[in-house]
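> Here is my input; please provide its structure:
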Amino acid sequence: MVEIRKCDLSEIIDNANFQSLVKEYAEEATIAGFPPVDDKLKLYPTLQRTGMFQTIGAFLGDKLVGFVAVLTPIVPHYGVVIAVTESLFVGKVYRRTGAGLKLLRAAEMHSIDAGSPMLTVSAPSGGVLAEVLPRLGYRETNRSFVKSARA
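Residues are numbered from 1 along each chain as shown. You can find the predicted model right below:
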């Protein structure tokens, strides 16, 4: 059975399975035209100390099988906390365990606890997550477009 729990960042990144999950995540979720994934792991503890960053892990025993990272900044335009998933990923072989849905529900609860009126989740266009989110009550509100700054 998958266990979902809020974790200190170190519990996520020090897990023996973290690097393989990050590699799989980068291969699956890289946005065309963006530079290669280069996690700035040194930035995350600073965010965590501000109270505006929370990691939640999905574990099978001691093995990390997925994670969600939630940012909860006060967005100046609205003047309130708006929770945003910075990362949400479950390793492909663990997706039938319910870990993804449980992580999403935990992120929703964290956003409520943080005082956010909503949770914003981004999903790759045409990906499975983009198909699943509307069935879970999420609605598409915006679309992101990218263009090379060098063009």
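
> List the buried residues of stretch 132-149.
Buried residues in stretch 132-149, counted by 16 or more other C-beta atoms under 10 Å: 133, 138. Every residue, glycine included, has its C-beta placed from N, CA and C.

> Outside of it itself, list whatever touches it.
31, 32, 33, 34, 100, 101, 104, 121, 122, 123 (C-beta atoms under 8 Å, 6 or more residues apart in numbering).

> swap the cut-off to 10 Å and go again
Defining contact as C-beta atoms under 10 Å, 6 or more residues apart in numbering, one finds that stretch 132-149 is touched by 31-34, 100-101, 104-105, 108, 118-123, 125, 127, 129-130.

> Name the spans of this structure whose pLDDT lies under the cut-off.
Applying pLDDT under 70 to the chain flags the ranges 36-40, 151.

> Could you rerun that using 80?
29-42, 146-151 (pLDDT under 80).

> just the helices in it please.
If DSSP state H is used as the criterion, the helices of the chain fall at 9-13, 18-29, 43-50, 99-113, 128-132.

> right, so those: which one is the most enclosed?
Neighbour counts (mean count of other C-beta atoms under 10 Å) averaged over each of the helices of the chain peak at helix 99-113, with a mean of 19.

> Determine the set of other helices and strands touching it.
strand 3-7, strand 53-60, strand 63-71, strand 83-90, strand 119-120, helix 128-132 (3 or more C-beta pairs under 10 Å, 6 or more residues apart in numbering; DSSP states H and E).

> so what strands line up beside the first one?
If I follow you right, that is strand 3-7. Strand 3-7 has its sheet partners listed here by DSSP bridges as strand 53-60 (antiparallel).

> quick one, the partner strand and helix 43-50 angle?
Between the axis of strand 53-60 and that of helix 43-50 there is an angle of 110 degrees, by axes from the mean of the first three to the mean of the last three C-alpha atoms, to 10 degrees.

> let's have the chain start at 28 instead
In the new numbering, first residue 28, that becomes strand 80-87.

> Now for the closest residue to residue 144 other than its chain neighbours: which residues touch it?
In space, not counting the residues next to it along the chain, residue 144 is nearest to residue 107; the distance is 6.6 Å by C-beta to C-beta, 6 or more residues apart in numbering. Listed by C-beta under 10 Å, 6+ apart, the contact partners of residue 107 are 101, 142, 143, 144, 145.
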